[in-house]
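>>> model this:
(one chain, ligands or ions: 1)
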Amino acid sequence: MHMEIINNKPIYGIGIESSCDETGIAISQNGNKILANPVYTQIDFHAQYGGVVPESASRLHLEKIAPMLQESFSTAGITPDQLSYVAVTVRPGLVGSLLVGYYTARALADFYEIPLIPIHHLEAHLYAIEIAGIPVQYPFLGLLLSGGNSAIYKVEGLSNITTMGDTLDDAAGEALDKAAALLNLSYPGGPVIEKLARSFANKGEEKFDVLREKGGVRNLARNPLPKILATQPSDKYEFSFSGIKTALYYLLEKKEKTYTPEHLAWAFQERVFEIVLRNVTNALTNKKFPRLVAAGGVLANQTLKKQLAEAAQKTNTEFISPPPELCTDNGAMIAALGFRYFQNGNFENLSQEVTSSKKWGV
Ligand code: KG4
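Numbers count the residues shown, from 1 in each chain. Reported below is the predicted structural model:
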């Protein structure tokens, strides 16, 4: 069955996100028009532990989800009986957190007798561009970099996604968060590292030249951290970030006051982005995708966005990425992708597909 927008009658849907440390409940009209999109982030709570505490994350979702539902309906100016579908993230994520969103969605869907559409969180990130008014067009190269995942995908249609490369260890955001912890910076690490790295880069080339100590002058290595996966063949697109983190750890252990935190933040970020850019450039060169869609929390980084845009331009690829507020977790992207599936109809196999480890490998 294929659903149409009949007589221009709007289709309202709700998107529920609770896979990690953000509770998001969005109400959309025809998928991409967002009527309400409150997001509650638990970052301040988890910051005191330097990372997400799963049990606390579930409990905070539980506290917030009911009042946020009410808030969403009141902001959107509709009532739950006007909904046509409920879309909810079912994977990947912290299982306790996912269950809070899932059972909230299930209650709505069962009570109002409307379809419950299970959403794969990573696929939804790639559809966040629709909320920014850019319709998804296939095929495209999908790049996802977040606190929990780092992967590159060939996307040929709705749910027609092939993983081309994944991380062998940490996710990019996770690595930035851990590096920030090693440097005694605040959580989440990505934005702080970006700020320090930019301030270091703005100082110009002379910053590398000399270190004056005890009357002597020493040249500093531009980047004291090792290149990772330097010998990976150009038709492989795996990521690895934990080695750079270990190298940073040992550099700091030496307790030499040689490198400033700004320099190390810049060096770490450069190494992380280097792998991303290498994989993206190789994939675009080998497979000739017309467009690159990049999303996930790490894409809030302006330096990375600029570098990816330049890499795409070199291969005549259109570069598309959502604005920063839509790069991080939110309910709007869940509602937007949910609308696509709703229009497509046939939800029978969807649950199996979305929850299948074979298909997604995560
Ligand atoms: O997609 P996201 O909001 O959710 C989770 O995966 O939980 O991504 C969060 C990640 C964190 O690791 C954070 O450090 C990173 O995105 N991040 C950034 C920036 N803003 C957030 N990384 C680099 N630069 C940023 N400006």
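>>> who in the stretch 1-150 of the chain is up against the ligand?
Neighbours of the ligand within the stretch 1-150 of the chain, by C-beta under 6 Å from any ligand atom: 20, 21, 146, 147, 148. C-beta here means a position set from N, CA and C on the backbone, and glycine is covered the same way.
>>> correct me if wrong: the fourth one contacts residue 175.
What that stands for is residue 147. No - using C-beta atoms under 8 Å as the test, residue 147 is too far from residue 175 to be in contact (9.7 Å).
>>> higher neighbour count, those two?
Just comparing residue 147 and residue 175: by other C-beta atoms under 10 Å the higher neighbour count belongs to residue 175, 30 against 25.
>>> show me what contacts the most centrally placed residue in the chain?
Centrality entry for the chain: nearest residue to the mean C-alpha point is residue 296, 1.8 Å, by C-alpha atoms, centre = their mean. Contact analysis of residue 296 by C-beta atoms under 8 Å, 6 or more residues apart in numbering lists 125, 143, 144, 145, 146, 149, 173, 327.
>>> ok, these vs the ligand, which is closest?
residue 173 (2.5 Å; C-beta to the nearest ligand atom).
>>> was I right about that closest one contacting residue 193?
No - applying C-beta under 8 Å as the test, residue 173 and residue 193 come out as separate, 10.4 Å apart.
>>> residue boundaries of the strands in the stretch 251-362 of the chain?
291-295, 318-320 (DSSP state E, counting those that start in this stretch).
>>> from residue 17, how far off is residue 60?
14 Å (C-beta to C-beta, to the nearest Å).
>>> same question, residue 188
17 Å.
>>> which of the two has more residues huddled nearby?
Neighbours per residue, other C-beta under 10 Å: of residue 188 and residue 17, the larger number sits with residue 17, 29 against 25.
>>> OK, contacts around the more buried one?
23-26, 88-89, 101, 121, 124, 329-331, 333-334 are the contacts of residue 17 under C-beta under 8 Å, 6+ apart.
>>> so which of these is the most crowded?
In terms of neighbours by other C-beta under 10 Å, the contacts of residue 17 top out with residue 334 at 36 neighbours.
>>> and for it, nearest residue in space, chain neighbours not counted?
residue 15 (3.2 Å; C-beta to C-beta, 6 or more residues apart in numbering).
>>> for residue 265, same thing?
residue 196 (3.7 Å).
>>> how far away is that neighbour from the ligand?
To the ligand, residue 196 is 11 Å away according to C-beta to the nearest ligand atom, to the nearest Å.
>>> and for the closest residue to residue 137 other than its chain neighbours, the neighbour number?
Nearest non-adjacent residue to residue 137, counting by C-beta to C-beta, 6+ apart: residue 291, 6.8 Å away. For residue 291, the neighbour count with other C-beta under 10 Å is 20.
>>> OK, contacts around residue 291?
By C-beta under 8 Å, 6+ apart, the residues touching residue 291 are 137, 140, 141, 317, 318, 319, 320.
>>> from what I see, the third one and residue 292 are in contact.
Yes - assessed by C-beta under 8 Å, residue 141 is found in contact with residue 292 at 4.8 Å.
>>> between those two, what contacts are shared?
Common neighbours of residue 141 and residue 292, using C-beta under 8 Å, 6+ apart, are 280, 284, 317.
>>> dump the residues you listed into TSV; add distance to the ligand and pLDDT as well.
Listed next are these as TSV, based on distance: C-beta to the nearest ligand atom, whole Å; pLDDT from 0 to 100:
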residue	distance to the ligand	pLDDT
280	16	98
284	22	97
317	22	98
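>>> dump these to JSON lines, plus neighbour count.
Shown next, in JSON lines, are the shared contacts of residue 141 and residue 292 (neighbours: other C-beta atoms under 10 Å):
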{"residue": "280", "neighbour count": "25"}
{"residue": "284", "neighbour count": "21"}
{"residue": "317", "neighbour count": "23"}
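>>> pLDDT value on the residue in the stretch 251-362 of the chain that the ligand sits nearest to, please?
In the stretch 251-362 of the chain, the residue that lies nearest the ligand is residue 297 (2.0 Å; C-beta to the nearest ligand atom). You'll see residue 297 listed with a pLDDT of 92.
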